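> Fold the following.
(2 chains)
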Amino acid sequence: MNADLYHAAFRSTRRQFLGRATASLGGFALASLLDPSATRAAAGLSNLPAVKAKAKRLIYLFQSGGPPQHDTFDYKPHLDKVHGKETPASVFNGQRLTGMTAGQSSFPVARSTFNFQQHGKSRAWVCDAMPHLAGVVDELCFIRSMHTEAINHDPAITFLQTGFQIAGRPSIGAWMSYGLGSENENLPAFVAMLSGKGDQPLYDRLWGAGFLPSVHQGVRFRSGKDPVLYLNNPDGFSAGLRRKTLDHLGDLNRLRLDVTGDPEIETRIAQYEMAYRMQTSVPELTDISKEPASTFELYGEDARQPGTYAYNALIARRLSERGVRFVQLFHRGWDTHGSLPTQLRTRCKETDQATAGLIKDLKQRGLLEDTIVVWGGEFGRTVYCQGDLTAKSYGRDHHPRCFTMWVAGGAFKAGFTFGATDDYGYSIVENPVSVHDLHATLLHQFGVNHERLTFKFQGRHFRLTDVQGRVVAPLLA
Amino acid sequence: MFCRPLKIPRGKTFGWIPRGGLTVLMVIIAGRCGGGCGAVLAAAESLSYNRDIRPILSENCWGCHGPDQAKRKGGWRLDERDGATRPAKSGNVPIVPGNAAASELMLRVLATAEDEQMPPPDSGHRLTAAQKAVLRRWIEAGATYERHWALEPIRQAPVDTAGIDLMVGQYLPRAGLLAARPAAPEMQLRRVSLDLTGVPPTPAEVHDFIKEVTTRGLAAAYETAVDRLFRSSRYGERMAWPWLEAARYADTDGYQNDGPREMWRWRDWVISAFNTNMPFDQFTIEQLAGDLLPQPTHEQLIATGFNRNNRYNSEEGIPIDEFLLENAVDRVDTTATVWMGLTAGCARCHDHKYDPLTQKEYYQLVDYFNDVAESGRAKREGNSEPWIKTPTIKQRAQAEQLAEKVAQARAALASGEPAIRAAQVAWEAGLVEPGPALKDGLDFYFSFDRPDPQLTAKAAGAELHPGVQGMAATLADKSYFELIKIPGLIGNGRFSVAFWMKPAQVDQGPVLSSEDAGTGRGGILVEMMQGRLRWNINTRWISGVSTVETQRRFNLGEWVHITLTNDGTQRAAGMKMYVNGAEVAVDIIRNTNSNAAPRPAATPVRIGYSKHVGYWQGQIDELRFYPTRTLALEEAGLLAVRATVAMIVARSEAERTPAEQRLIRLTFLEQGAAPEQAALLKAVQQAEKAWLVYDDRLPTTMIMRDLPEGRPSFVRVRGVYDALGERVVAGVPAAFPPLASGEKNDRLAFARWLVSPAHPLTARVTVNRYWQLLFGRGFVGTTEDFGSQGEMPSHPELLDGLAAGFVASGWDTKALLRRIVLSATYRQSSVLTADHRHRDPDNRWLARAPRLRLSGNALRDQALFVAGLLNETLGGPSVFPYQPAGLWEEASNAKYTLGQGADLYRRSLYTYWKRTLAPPSMALLDAGDREYCSVKPKHTNTPLQALTLLNETTFVEAARKLAERMLSEGGTSDEARIAFGFEIVATRRPTAAESRLLLGALGDYRREFQADPVAVAASLKVGSSPVKKNLPPLEVAAMAALANVLLNLDEVTTRE
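Okay, the predicted model is just below:
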């Protein structure tokens, strides 16, 4: 057949050939990183959103390790009265303990050594280690009644991120990328950033794509020379030279396209061009030299230092401004088994100002109304002390039965607290919210019915919310 | 069902498929085929349940009206004819065969009222008008059900190469397609080389091939080339990759801290099994149940590592039972996916919703894999039980050599006997007061005979009183002795402790402790426990502890000698207890010790006290610490000699026990012998040490080995580990052929069952995966799911014919692949015509060969290969090639230490695979995850992949080395050099247009670099291989930029 003829023929229908990845999605979801000019970017699943979207972007501030609810937001004055006494059996209620404390002979109650005060119009309780956050409580929607199924870090953080305890499912950001696509032609839809040190490591599955096409996996932004892996040209390879090589590469690939007629080549050419644009757009994004002094007053001086939580928070705002759908920060070191007071104070120092700064910054830029900010870890911590209980120090073990998270923006209720725990901060007594519920509610704000966002794999229509989850309407404005 | 003979439209050509074959073809396909014959044949006339009806019912109805009894609504069961034609709870009959109007199913499907409509509007399912019409026609025609195609036995006759082409050819007219022309000979060679060995042909190979094509013809030349490729050991390496992904093979455990493990001997076993073309049934049996074969060989045990490759949690707080279950579940799910394409995991929490597998049957499968002698908690660093030492042949020879040296040293010592004896007699006569014997490794010794600054009495009651030999540490009331800090008392090192003990308390109490003050209590604790002696090695109380306890009891007031030895393997089984010189039987109380690699700082040793346990009363004498040695039985015997050397020497030889004799001899050699005699002992000790050090470092492999008593299996309600339901015993699901009768119903029987000729799935699933490997997709596109929710096969009779042939050949994998790669279907051109794009964009009907982007590992291997960098060492420990600095450190506590020299250039399957932070370039290029079983590669196309291929160090360095080859081997003109390089990477000469373009490009790059000498120097420094001498730097830099383009060409990164 005449090469020109079929060339013309396929150009008219090239949309349907946009890569095998898209073909496997039944032509619905488009990878955010596919050439946007060809796809009119990244519309996501065409049958989504199902209801009107209230949010466009999400910044998830993951505090890895399990922040202690008693010492942060879930104030329990009763503990002062029972400090040092055995936790009553009625409180345990037969729940399993981790292998770390199951062998303890004594379970003395540990009160918090942090001072609590009420703040804002909403009169929300916040510990004294988070003075900046205390200033923005009227923007926050606290959920004191979060609970999870897992009791150890790996299964628990995997559950929070993927809706399932065992590896293999897509992360929440990957689901969003798959379902909603990207708003930006030159940046990925899902970005993950890491900071902090601690016993608990992080795993790339936490921002992985699972069984979804790998284009949906979170792109890890790093500090240093290559914010995105392999972004920079090799040493001695100038931008001008790269441009030339890409032009030649494109020309040669087009010659091959003429011979083979494979539309995948067009896609590949587009991907190389997109890569080139990323080489410009990402450094522009991470160049904070033009940020005014007021930015660093907001986020703190740490924000000048790549690799810190504060820097990542600032980059998160810059990414959100540019339409990146899902930005997730992971800050390590909240696993407070022993020496809780010093450890928690240090974590707060690293994060407090930047977290509050991010909220204020989004608000002043008018972004908070359609950007959701989520703060929280993978589980809570026990009311009883792990290890030695002294006047100044104590530790707390993992506790899945209740923990506190907060959400802000994205049409969540501001200055609101939902759910309650018992006097010991051990069990939920009011309005429990499961991890699946949280996921369902977040998706709902994006206009997505969590039961409809599915991907068929191994004969089953998988969902982020597995077979559960309900939208927690009282949280919504 | 019966497939109709094909009506071949007259006048249509079949491309290059010989016309004469069509008659044969019709005979073949006229027979009963395994199931639906593919949607392409779906025409107006007859309906097929499997092809047309099952997918509708399965997708839309069975979730609530299918095999899952617990979830079944309204008593409707639509997956079986009996159920569907019986009145439901409401009294209505879902399906009245022959009468759609009377069938409740049709009424509900057609209903418009929301509360009547099926599927319910909120279910997310909706039937199209066409689907409704098909259902109606099917009911009218009698509502015939069929068994799911994949569960039917394979009835097809074996298919040969010609049969492949005929069977593929029969579908093409229906799809409105013609078979493509054969690909150019070079392209055929490139394709088959990449597919079978993972690297492209060299220009020399292409040259020879073309020469042979002209002399012997394409067919013969191609066949010769294929056979050459099968003989290459690269074949095994290439075939191993997908198997490693299926087997979730990795170098770390995959949870939390993701500690290292050592399974490369299993990986090498796989490579070797492919290279020796081990029959697939044997390959199956040895991997699943090699340990249960009679007298299994070393290699057969290594093979069982397949089901130890699963992730395994070392996290401290885990409930053991939870992860014992997770391990067994992973083994079942992986085994079911790999051999049966069965999504068994769906039945973990409830009966399978689509396929005939009940929850109970699922746990019957679990029972085959539930007996492994594992603790339920992984070692944080290193292999977890059960494992064996697995030296390579070379290592075994080396170990034997070292053992031989030990024997020689011992012989030398023995040969010195008359002289030694004579000297000893003289020494004994003049003996005054010898020091302690058995000094080798005795770093700390407490005789308690005199004041010792290293020994502190704590509280009143801790005194020195007469003991076994001189004075002894004596404890009364709440008192204890504290010794200095003693290092090395930790699970992952060899050490021994020995002492005399006279308990004044046997019910409980810490005899000896060396523990961190914190709650982790890292260290050791020796304690009395209800008359028995218990020894713990802690990493972290209580989650990381190995504890053994003597079965015998001890008496109050009786002196006994105790020796405790640890072999450094962190296993309870590596802890031995000797009483009075004899090893005693112990019970394993805990076995979850798991150290961080470095030994913690030494902690003080306390006699009679532990901060965590309290006090003990009694006496301790002659306390010895060997912080680096595992004492042997004989040595424990010497230490248990109660008499002092002086006392023994005072007696005549006849009055000495053999142990006393040996003790005196040892004391003499250590303390009294002349240098040349002492040297004989030293030589023995050194030889033993050398052997031991070597032996300790030998690679180990985790294997399958069952507990003799097994472990009971239960249905777990909703899949939750501690919600025990009915107890079950191993068994295969009822929908499958039964196990062979008369065999013991164990894992071995299960493995044999999988590869029994009657098994409907194993051969189909395996052949499908190989077809996928060669064509980018299998006949069944859902490689991991051959069930009701999976795809119907595109070419069922071909799948079955190949499967039948595979079994009939004795599961000969090379023969299967050979049959396929020799086919015209495989060898046709991959050029896409407009027809292809419009009528079959996914290439389901194979009217052309697929163009497939090479997998990440193949891209890297190819780049190294064409650059002349590839280090083709076969097998060995995993290596650490380039990866951006800090990638591990920022996310974890692990440190990435870049490999050196030739290790940077090994094939990608040898790259160290850290599960939670996978090799980044591989992860970006769609490699399987390795956290779980993956059998279906992803093919995506992203800008991050472009960045990787453009900028990653391996690819950049490979471009430079390729450039150096072009400059030094490619002739003298630019044009010749470019053609040379182009041919290396693309297996063809460039066209005139390409050549022109590349020449212009080279000129551009040269000008760029001419203007920037600093850039030239910088660009030559990328990668650790030096630039070849005598090449002008500017030329290398410019040509390297050109080679960077060449390595990124779509044609080069694609298998066309």
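> Break down the stretch 801-950 of chain B into its strands, ranges please.
For the stretch 801-950 of chain B, the strands defined by DSSP state E, counting those that start in this stretch cover B:852-853.
> care to break chain B down by domain?
Listed by automatic domain parsing, the domain ranges of chain B are B:1-46+B:146-180+B:761-851, B:49-144, B:182-231, B:238-340+B:349-383+B:703-755, B:439-630, B:854-1056.
> Need those domains in a markdown table (columns: mean pLDDT and mean neighbour count).
For the C-beta atoms, the positions are set from N, CA and C on the backbone; glycine is no exception. Formatted as a markdown table, these follow (pLDDT from 0 to 100; neighbours: other C-beta atoms under 10 Å in any protein chain shown):
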| stretch | mean pLDDT | mean neighbour count |
| --- | --- | --- |
| domain B:1-46+B:146-180+B:761-851 | 80 | 20 |
| domain B:49-144 | 87 | 17 |
| domain B:182-231 | 97 | 18 |
| domain B:238-340+B:349-383+B:703-755 | 95 | 21 |
| domain B:439-630 | 92 | 20 |
| domain B:854-1056 | 96 | 20 |
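> In TSV, list those along with distance to chain A.
Compiled in TSV, the domains of chain B are given as follows (distance: least, C-beta to the nearest C-beta, whole Å):
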stretch	distance to chain A
domain B:1-46+B:146-180+B:761-851	3
domain B:49-144	6
domain B:182-231	11
domain B:238-340+B:349-383+B:703-755	3
domain B:439-630	3
domain B:854-1056	3
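> tell me the contacts of A:His119?
A:His119 makes contacts with A:Trp125, A:Val126, A:Ala134, A:Gly135, A:Val137, as judged by C-beta atoms under 8 Å, 6 or more residues apart in numbering or on different chains.
> any chance of the domains of chain B in JSON lines, with distance to B:Trp691 too?
Putting those into JSON lines (distance: least, C-beta to C-beta, whole Å) gives the following:
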{"stretch": "domain B:1-46+B:146-180+B:761-851", "distance to B:Trp691": "40"}
{"stretch": "domain B:49-144", "distance to B:Trp691": "60"}
{"stretch": "domain B:182-231", "distance to B:Trp691": "39"}
{"stretch": "domain B:238-340+B:349-383+B:703-755", "distance to B:Trp691": "19"}
{"stretch": "domain B:439-630", "distance to B:Trp691": "13"}
{"stretch": "domain B:854-1056", "distance to B:Trp691": "21"}
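> wait, which of the ones you listed is closest to A:Leu314?
Distance to A:Leu314, taken as C-beta to C-beta, is lowest for domain B:854-1056 among these, at 17.8 Å.
> and that closest one, how far apart are its ends?
The straight-line separation of the ends of domain B:854-1056 (C-alpha to C-alpha, to the nearest Å) is 10 Å.
> Same question for A:Asp251, what's its three-state structure.
Judged by DSSP: H, G, I helix; E, B strand; the rest coil, the three-state class of A:Asp251 is helix.
> Tell me, what's the model's pLDDT at it?
In this prediction, A:Asp251 carries a pLDDT score of 97.
> Over to A:Arg318?
The model reports A:Arg318 with a pLDDT of 97.
> Wasn't it part of a strand?
No. Using three-state DSSP, the assignment for A:Arg318 is helix, not a strand.
> How about the contacts made by residue 232?
No chain in the question, so chain A it is. Under the criterion of C-beta under 8 Å, 6+ apart, the neighbours of A:Asn232 are A:Lys225, A:Asp226, A:Gln279, B:Asn951.
> The intended chain is chain B.
Here B:Ser232 is in contact with B:Thr197 (criterion: C-beta under 8 Å, 6+ apart).
> Kindly report the same for B:Asn277.
B:Asn277 makes contact with B:Asp812, B:Thr813, B:Lys814 under the criterion C-beta under 8 Å, 6+ apart.
> Can you name the two of the contacts of A:His119 that sit furthest apart?
A:Trp125 and A:Gly135 (14.1 Å).
> Helix, strand, or coil at the closest residue to A:Val374 other than its chain neighbours?
Sequence neighbours aside, A:Tyr60 is the residue nearest to A:Val374 in space, at 4.5 Å (criterion: C-beta to C-beta, 6 or more residues apart in numbering or on different chains). Per three-state DSSP, the secondary structure class of A:Tyr60 is strand.
> Nearest to A:Leu187, out of the contacts of A:Asn232: which one, please.
Lowest distance from A:Leu187 to the contacts of A:Asn232 (C-beta to C-beta) belongs to A:Gln279, with 12.0 Å.
> quick one: the closest one and A:Arg243 touch, right?
No. In this structure, A:Gln279 is not within contact of A:Arg243 by C-beta atoms under 8 Å, at 9.7 Å.
> Compare these two (neighbour count), which wins?
Taking neighbours as other C-beta atoms under 10 Å in any protein chain shown, A:Gln279 and A:Arg243 compare with A:Gln279 leading, 22 against 12.
> about what we covered before: tell me the bridge partners for the residue nearest to A:Val374.
A:Tyr60 has these beta-bridge partners by DSSP bridges: A:Gln328, A:Val374.
> Please report how far it lies from A:Ala440.
Shown here: A:Tyr60 relative to A:Ala440, a distance of 15 Å by C-beta to C-beta, to the nearest Å.
> quick one, which of those two is more surrounded?
A:Ala440 (25 against 22).
> Could you check which helix or strand contains the more buried one?
Per DSSP states H and E: A:Ala440 is located in helix A:435-445.
> Need the contact partners of that helix.
Outside of helix A:435-445, the residues within contact range by C-beta under 8 Å, 6+ apart are A:51, A:53-55, A:58, A:143, A:146-149, A:159-160, A:163, A:172, A:175-176, A:179, A:372, A:374, A:405, A:410-412, A:449-450, A:453, A:464-466, A:468-472, A:475-476.
> and these, which are buried?
Among those, those classed as buried by 16 or more other C-beta atoms under 10 Å in any protein chain shown are A:53-55, A:58, A:143, A:146-148, A:159-160, A:163, A:172, A:175-176, A:179, A:372, A:374, A:405, A:410-412, A:449-450, A:453, A:464-466, A:469, A:471-472, A:475-476.
> Make TSV out of the contacts of A:His119 and add pLDDT.
Formatted as TSV, those follow (pLDDT from 0 to 100):
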residue	pLDDT
A:Trp125	97
A:Val126	98
A:Ala134	98
A:Gly135	97
A:Val137	98
